[in-house]
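Here is the input, now give the coordinates:
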Amino acid sequence: MAKVVIVGGGMSGLSLAVHLKRLKPEWELSVLESESRPGGKAWTVQEDGFRVEFGVNGVLDNKPHTLELAGMVGAEILYSNDAARRRYVVKKGRLVKLPESPKEFLTSSLLTLEGKLRVVMETIIPRGDVEKDESLASFARRRLGKEAFQYLIDPMASGIFAGDPEKLSLKSCFPRIHELEMQYGSLIRAMIKLQKEAKKEGKSGPGAGPGGKLTSFRNGMGELVNACAHELGDSLHTDTTVSGIERENGLWKVELEGGRHEEATHLVLAAPAGVCASLMKNVNPGLMPLLKSISYPPIAVVAFAFETSRLPRPLDGFGFLCPWVEQRKILGALWDSSVFKFRSPDGYSLIRVLAGGARRPEVAGYRKERLVDTVLKELKDIMGISAKPETMWLHVWPHAIPQYQIGYSSLLDCIEKERKKTPNLFFRCNWVGGVSLNDCVANSKALAHSLADSDVQKG
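Here you go, the predicted structure:
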């Protein structure tokens with residue numbers, strides 16, 4: 001009988017284990033998580049009626065995989081409020097609504113008339129080089145112009161990757177956008193074409209904003225984590241650190257701190273790239289430098305509870321992002337109590353701020369007092385908030401989001417080539433296949449089916 005050990009109890013590891021348990025209930029399964037709680041960067045803190053997300057705050061329902069998983073384990077789905085569609089960008093120190101339609105784009109003050117005309121000219125810009133691994137910044141300036149890059153594309157890169165668009169790879173970060181340019185020669189033409197095709201089928205086509213509706217759970221993302229953990233039962237082991245792995249007599253020997261070990265037919269490393277690299281020392285040292293080259297900038301998450309009556313403006317949207325050209329000390333803020341119900345008690349508002357990232361990593365490293373003061377000053381400058389918060393929460397992720405930089409697809413090809421030299425070893429985490437939770441869950445489901453369909457006894 002097969003025995004699968006999964007190192008890492010984040011959402012990649014948990015979702016893989018849940019699918020494997022449903023597909024092959026007769027298999028032995030063990031999920032090893034070094035922290036005292038599972039879930040990785042899906043982490044909800046509940047305190048005094050507040051539900052604070054230290055990591056991902058939801059998923060879009062345009063991809064079914066996470067909501068399908070939620071249905072399997074019985075997590076109660078919660079859709080975002082209509083206000084979540086309204087997003088803001090900081091320009092010249094004030095909040096400007098991100099246009100959601102061509103009409104709004106034409107009347108918006110986010111871009112100048114010259115900037116808008118340059119965007120419209122996108123339809124006549126020649127198609128790029130299909131072979132070139134172009135940076136997101138280069139692509140955006142080439143197709144849409146400098147202004148659109150600064151106030152539309154740059155903040156998007158910050159919001160998703162907390163990254164530097166001059167270094168991020170378009171192909172790796174946004175493969176669909178690259179495909180649309182190659183197929184249609186223009187993003188605007190592609191959008192028009194796809195909208196016409198969708199209309200014929202009675203569906204809504206792609207728009208300017210992210211597709212789908214933002215979705216979470218009544219008790220936050222932690223509800224999904226807890227439901228998966230309950231589903232796995234004794235197969236999930238927290239406070240369990242893997243100290244080394246060996247390959248002996250066709251089996252995996254997973255050594256644990258404290259002198260214990262587990263054996264497995266198949267080993268899945270569902271952990272950050274740096275952790276995977278350290279575990280390759282005695283198994284496949286050729287993988288170590290490849291995995292170590294993957295960059296993870298730090299991000300600080302600072303959440304504040306304010307009395308709603310003391311805020312100078314309504315929290316009438318998802319929140320805001322700060323373009324790099326504005327030179328702010330924060331990446332942006334999410335107005336969580338406006339996005340989802342049950343995030344704060346009546347009479348209070350919850351604002352969560354992100355700081356650090358690839359271009360300002362030092363801010364995430366500020367001592368607590370300086371970091372809080374910096375964030376509050378930014379909220380005062382941008383939103384006019386001078387009220388003292390009633391309470392606050394803070395967490396710093398030293399290694400937050402893997403950066404899919406130029407050359408990343410070639411790097412993953414090299415990693416995959418080396419991985420295949422080691423039988424029954426698999427990687428499943430957000431540093432391969434997409435950083436979003438939807439991508440992680442989808443890729444874990446695919447791996448679960450691949451393992452279930454294989455002849456594991458033969459390895």
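
how about Pro126, secondary structure?
The three-state assignment at Pro126 reads coil, by DSSP: H, G, I helix; E, B strand; the rest coil.

quick one, phi psi at it?
As for Pro126, its main-chain torsions (degrees, to the nearest 10) stand at phi -60, psi 150.

What distance do you get for it to Arg142?
In this structure, Pro126 and Arg142 are separated by 9 Å, where distance is defined by C-beta to C-beta, to the nearest Å. No exception for glycine: its C-beta is placed from N, CA and C like everyone else's.

Tell me where this protein is predicted with low confidence.
203-211, 455-459 (pLDDT under 70).

so what are the domain limits for it?
The record's domain split for the chain, according to automatic domain parsing, is 3-40+219-294+404-453, 115-200, 297-397.

got JSON lines for those, with mean neighbour count and distance to Glu53 too?
What follows is the domains of the chain, written out as JSON lines (neighbours: other C-beta atoms under 10 Å; distance: least, C-beta to C-beta, whole Å):
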{"stretch": "domain 3-40+219-294+404-453", "mean neighbour count": "19", "distance to Glu53": "6"}
{"stretch": "domain 115-200", "mean neighbour count": "18", "distance to Glu53": "15"}
{"stretch": "domain 297-397", "mean neighbour count": "19", "distance to Glu53": "7"}
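
Which residues are in contact with Leu180?
Listed by C-beta atoms under 8 Å, 6 or more residues apart in numbering, the contact partners of Leu180 are Leu187, Ala190.

show me what contacts Cys322?
Val89, Val90, Pro155, Ser158, Arg328, Ile330, Leu331, Gly332, Ile382.

How far away from the center of its chain is the strand or helix carrying the first one?
This means Val89. Secondary structure here is read from DSSP states H and E; on that basis Val89 sits in strand 87-91. When distances are taken as C-alpha atoms, centre = their mean, to the nearest Å, strand 87-91 is centred 20 Å away from the chain's centroid.

Give me the helices and strands touching that strand, please.
Other helices and strands packing on strand 87-91, by 3 or more C-beta pairs under 8 Å, 6 or more residues apart in numbering; DSSP states H and E, are strand 94-97, strand 319-321.

what's the closest of those to Leu136?
Minimum separation from Leu136 across the helices and strands packed on strand 87-91 (C-beta to C-beta) falls at strand 319-321, 14.8 Å.

which element follows the closest one toward the C-terminus?
Past strand 319-321, further along toward the C-terminus, the next helix or strand under DSSP H and E is strand 332-334.

now what about the helix or strand just after that following strand, what contacts it?
Along the chain past strand 332-334, the next helix or strand (assigned with DSSP H and E) turns out to be helix 336-339. Residues from elsewhere that reach helix 336-339 (C-beta under 8 Å, 6+ apart): 52-53, 57-58, 80-81, 83-84, 214, 303, 315-319, 343-344, 348-352.

Columns distance to Gln46 on top of the domains of the chain, output as a markdown table?
Converted to a markdown table, these look like this (distance: least, C-beta to C-beta, whole Å):
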| stretch | distance to Gln46 |
| --- | --- |
| domain 3-40+219-294+404-453 | 7 |
| domain 115-200 | 25 |
| domain 297-397 | 10 |
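
Quick one: closest of the ones you listed to Glu104.
Among these, the nearest to Glu104 by C-beta to C-beta is domain 115-200 (11.5 Å).

circling back to that earlier point, got CSV for the helices and strands packed on strand 87-91, with distance to Ser30 too?
What follows is those, written out as CSV (distance: least, C-beta to C-beta, whole Å):
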stretch, distance to Ser30
strand 94-97, 49
strand 319-321, 39
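
do you know which of those lies nearest Ala446?
Across these, Ala446 has its closest neighbour in strand 319-321 (31.3 Å, C-beta to C-beta).

what are the pairing partners of the closest one, and which direction each?
Based on DSSP bridges, the pairing partners of strand 319-321 within the sheet are strand 87-91 (parallel), strand 332-334 (antiparallel).

closest one to Cys414 among the ones you listed?
Counting by C-beta to C-beta, Cys414 lies closest to strand 332-334 out of the strands paired with strand 319-321; the figure is 34.0 Å.

and the closest residue to Thr240 other than its chain neighbours, what does it touch?
Once its chain neighbours are removed from consideration, Thr240 has its nearest residue in Leu32; the separation is 4.6 Å (C-beta to C-beta, 6 or more residues apart in numbering). Residues in contact with Leu32, defined by C-beta under 8 Å, 6+ apart, are Val5, Ile6, Val7, Gly8, Gly9, His237, Thr240, Thr241, Val242, Val254, Leu256, Glu262.

Now go through these and say which are in strands.
If you go by DSSP state E, those have Val5, Ile6, Val7, His237, Val242, Val254, Leu256, Glu262 in strands.

would you turn those into a markdown table with distance to Leu67?
As requested, the ones in strands among the contacts of Leu32 are arranged in a markdown table below (distance: C-beta to C-beta, whole Å):
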| residue | distance to Leu67 |
| --- | --- |
| Val5 | 28 |
| Ile6 | 22 |
| Val7 | 27 |
| His237 | 27 |
| Val242 | 31 |
| Val254 | 32 |
| Leu256 | 34 |
| Glu262 | 32 |
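
Which two among those residues are spaced furthest apart?
Farthest pair in those (C-beta to C-beta) is Ile6 and Leu256. Separation: 13.7 Å.

Please identify which pair of the contacts of Cys322 lies farthest apart.
Every pair in the contacts of Cys322 was compared (C-beta to C-beta); the two farthest apart turn out to be Ser158 and Ile382, at 14.6 Å.

And the helices in the stretch 301-450 of the chain?
Remark: helices assigned in the stretch 301-450 of the chain by DSSP state H, counting those that start in this stretch are 336-339, 361-364, 368-383, 408-419, 437-453.

Nearest to Leu170 among those would be which one?
Taking the helices of the stretch 301-450 of the chain one by one with C-beta to C-beta, helix 408-419 is closest: 10.5 Å.

Provide the contact partners of the closest one at residue level.
For helix 408-419, the external contacting residues (C-beta under 8 Å, 6+ apart) are 133, 169, 171-172, 284, 286-287, 290-291, 293-294, 425-427, 432.

In helices, which of those residues fall?
The helices, defined by DSSP state H, take in Lys171, Ser172, Leu290, Leu291 from the contacts of helix 408-419.

Format these as JSON lines; extra columns: distance to Thr44.
Formatted as JSON lines, the ones in helices among the contacts of helix 408-419 follow (distance: C-beta to C-beta, whole Å):
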{"residue": "Lys171", "distance to Thr44": "34"}
{"residue": "Ser172", "distance to Thr44": "29"}
{"residue": "Leu290", "distance to Thr44": "34"}
{"residue": "Leu291", "distance to Thr44": "29"}
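
Farthest from the middle of the chain: give me that residue.
Of all residues in the chain, the one whose C-alpha sits farthest from the chain's mean C-alpha position, using C-alpha atoms, centre = their mean, is Asn249 at 38.4 Å.

tell me the strands in the stretch 1-150 of the chain, going along the chain?
3-7, 28-32, 44-47, 50-53, 59-60, 77-79, 87-91, 94-97 (DSSP state E, counting those that start in this stretch).

in its sheet, what does the last one sit against?
It stands for strand 94-97. If you go by DSSP bridges, strand 94-97 pairs up with strand 87-91 (antiparallel).
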